[in-house]
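Asks: Pasting a predicted model and its sequence here:
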Amino acid sequence: MATQPQYYQHHMFFCLNQREPGADRPSCANCNAQAMQEYAKAKVKQLGLAGPGKVRVNKAGCLDRCEQGPVVVIYPEGTWYTYIDETDIDEIVEKHLAQGEIVERLLID
């Protein structure tokens, strides 16, 4: 069976899950995940990395890595990162997406 070429080189999924107050597990949404997803999307566009054959920044529901969050995963590699702020997002976009380098300091296992 022949494989089709990938429509995007990378998909970047941000967990935006929101749990009720007092939940047993943390929520990425409580860690500014929505703003960071929007920031990453704008950064990818600014650098000319967005579009078919390039990068797509997506929203996701719970990715079940709550205790390590907030989290973002990049496919097709399946590389999982955590982040704090725009500086971390810049590094992920510029190094991983633009240059193909893993950002070791933000990796989660």
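Replies: Now that the structure is in, tell me what you want to look at. Numbering: from 1, shown residues only.
Asks: what is the residue most central in space within the chain paired to in the beta sheet?
Replies: With distances taken as CA atoms, centre = their mean, residue 72 lies nearest the centre of the chain, 3.1 Å away. Beta-bridge partners of residue 72, counted by DSSP bridges, are residue 14, residue 81.
Asks: so what does the helix or strand harbouring residue 37 touch, helix or strand wise?
Replies: In this assignment (DSSP states H and E), residue 37 forms part of helix 33-46. Helix 33-46 sits against strand 10-15, strand 55-60, helix 86-91, with contacts defined as 3 or more CB pairs under 8 Å, 6 or more residues apart in numbering; DSSP states H and E. (C-beta placed from N, C-alpha, C; glycine too.)
Asks: Between strand 10-15 and it, find me the angle.
Replies: Helix 33-46 and strand 10-15 are oriented at 160 degrees to each other (axes from the mean of the first three to the mean of the last three CA atoms, to 10 degrees).
Asks: Could you give the separation of helix 33-46 from the chain centroid?
Replies: In terms of CA atoms, centre = their mean, to the nearest Å, the centre of helix 33-46 is found 9 Å from the chain centre.
Asks: Likewise for stretch 18-28?
Replies: On CA atoms, centre = their mean, the centre of stretch 18-28 falls 20 Å from the chain's centre.
Asks: How about that stretch, which residues are buried there?
Replies: Within stretch 18-28, the residues that count as buried by 16 or more other CB atoms under 10 Å are 27-28.
Asks: Run through who's touching that stretch.
Replies: 14-17, 29-30, 63, 66-67, 69-71 (CB atoms under 8 Å, 6 or more residues apart in numbering).
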